[in-house]
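Peer 1: starting from these lines, generate the structure:
(one chain, ligands or ions: 1)
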Amino acid sequence: MRPIRKVVIPVAGWGTRSLPATKNIPKEMLPIYNKPVIQYVVEEAQQSKIEDVIFVTNRDKSVIEDHFDYNLQLESVLERAGKLDKLEEVRHVAEMVNIMSVRQKKQLGLGHAVLCARGLVGDEPFAVMVGDDLMFSGKPGIGQLIDVALSENMPVIGVMEVPWEKVSRYGIIAGEEVSPGVFRVSDMVEKPAQHEAPSRLAIVGRYVLTPDIFDHLQEVKPGIGGEIQLTDALRSLAHARGMMAVRMEGTRFDAGDWAEFLTANIYFAMQDEKLHTELTALLNRFVM
Ligand code: G1P
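Peer 2: Residues are numbered from 1 along each chain as shown. Next up, the predicted model:
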């Protein structure tokens with residue numbers, strides 16, 4: 001398989017779970033400690049040697065692209081004020097990756113969003129990262145999948161075990177564990193009822209795909225919720241050419257879930273030595 005240079009990040013969703021915070025701010029721009037959610041996702045891609053980021057976006061999301069561009073006015077203010085650390089920080093964000101974007105003009109589902117990127121991806125394998133899913137581990141999440149995709153020459157999806165009562169929120173796979181943490185996928189289903197789920201192995205928003213996925217996306221009919229589901233096209237791709245799943249290592253936060261979003265904020269703030277003591281003291285006052 002050719003090296004993975006591009007990632008598709010769908011960001012056209014409404015963020016209804018995070019309202020009213022997201023009434024006028026994209027959910028991807030909500031901060032986790034001192035960076036917007038989307039920056040963590042792009043950093044994971046960059047750490048995995050991905051150079052080109054393709055945002056699948058809508059008319060209200062241009063601030064996401066701006067975040068990864070230079071802001072010359074701000075830079076000159078910081079320079080004149082001698083705030084060189086801050087200057088370095090904001091410039092760095094603009095220099096991380098190349099940014100491309102394509103509009104998803106109708107919100108027809110995650111599968112449809114990925115299909116919108118077909119022209120920009122072209123005929124090469126690529127990654128997909130769902131912007132709500134934050135993954136943290138020693139080895140960057142999408143990088144864990146890229147290694148297996150390259151060695152097995154197959155599409156690979158990231159999975160994690162979730163409690164049975166949560167399987168209906170995810171795409172769930174069936175598969176045989178061929179080596180520790182690596183599964184050969186035999187089937188998958190989007191948001192199954194608990195009694196219909198083939199396992200507790202949930203797809204967690206990280207995928208390495210081959211360009212033939214686009215043909216399958218073009219063929220699938222609207223699935224659960226009336227949406228073009230990526231999972232339905234993946235199922236068809238898995239049957240046509242084989243697919244692996246990797247049990248991902250690390251911690252995952254669903255940024256669209258308030259409890260997890262707030263925990264992620266504390267998790268990152270606690271890692272900042274300057275904040276640790278003060279934050280611990282404040283939390284102790286409020287949390288029994
Ligand atoms: C999407 C996918 C689902 C996956 C989930 C991970 O669902 O369709 O298969 O398990 O992301 O976050 P959504 O959360 O967009 O409903």
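Peer 1: and for the nearest residue to Glu161 once chain neighbours are set aside, the neighbour number?
Peer 2: Spatially, and ignoring its direct neighbours in sequence, Glu161 is nearest to Arg200 (4.9 Å; C-beta to C-beta, 6 or more residues apart in numbering). C-beta: built from backbone N, CA, C; applies to glycine. If you count neighbours by other C-beta atoms under 10 Å, Arg200 ends up with 17.
Peer 1: closest residue of the stretch 101-250 of the chain to the ligand?
Peer 2: Among the residues of the stretch 101-250 of the chain, Gly171 lies nearest to the ligand; the distance is 2.5 Å by C-beta to the nearest ligand atom.
Peer 1: and that residue, what does it touch?
Peer 2: Contacts for Gly171 (C-beta atoms under 8 Å, 6 or more residues apart in numbering) come out as 188-191, 202-203, 229-231, 234.
Peer 1: quick one: pLDDT of Gly15?
Peer 2: Looking at Gly15, its pLDDT reads 86.
Peer 1: same thing with the one 10 residues further on?
Peer 2: At Ile25 the predicted local confidence, pLDDT, stands at 94.
Peer 1: equivalent analysis for Gly138, please.
Peer 2: Gly138 is assigned a pLDDT of 88 by the prediction.
Peer 1: ok, it to Leu217 distance?
Peer 2: Between Gly138 and Leu217 the distance is 33 Å, computed by C-beta to C-beta, to the nearest Å.
Peer 1: so which of the two has more stuff around it?
Peer 2: Ranked by neighbour count (other C-beta under 10 Å), Gly138 and Leu217 place Leu217 first, with 25 against 7.
Peer 1: tell me how far the host helix or strand of the more buried one lies from the chain's centre.
Peer 2: When secondary structure is defined by DSSP states H and E, Leu217 falls within helix 213-219. Taking C-alpha atoms, centre = their mean, to the nearest Å, one finds helix 213-219 lying 21 Å from the centre of the chain it belongs to.
Peer 1: likewise for stretch 265-280?
Peer 2: Going by C-alpha atoms, centre = their mean, the spacing between the C-alpha centre of stretch 265-280 and its chain's C-alpha centre is 24 Å.
Peer 1: Ala281 is in what secondary structure piece?
Peer 2: Under the criterion of DSSP H and E, Ala281 resides in helix 273-286.
Peer 1: for that helix, buried residues please.
Peer 2: Buried residues in helix 273-286, defined by neighbour count with 16 or more other C-beta atoms under 10 Å: none.
Peer 1: give me the residues contacting that helix.
Peer 2: By C-beta under 8 Å, 6+ apart, the residues outside helix 273-286 that reach it are 266, 269-270.
Peer 1: export these as a markdown table, with columns for distance to Ala259.
Peer 2: What follows is these, written out as a markdown table (distance: C-beta to C-beta, whole Å):
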| residue | distance to Ala259 |
| --- | --- |
| Ile266 | 11 |
| Ala269 | 16 |
| Met270 | 16 |
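Peer 1: ok, so of these, who is nearest the ligand?
Peer 2: Closest approach between these and the ligand, by C-beta to the nearest ligand atom: Ile266, at 21.4 Å.
Peer 1: what's the neighbour count on that closest one?
Peer 2: Using other C-beta under 10 Å, Ile266 is surrounded by 15 other residues.
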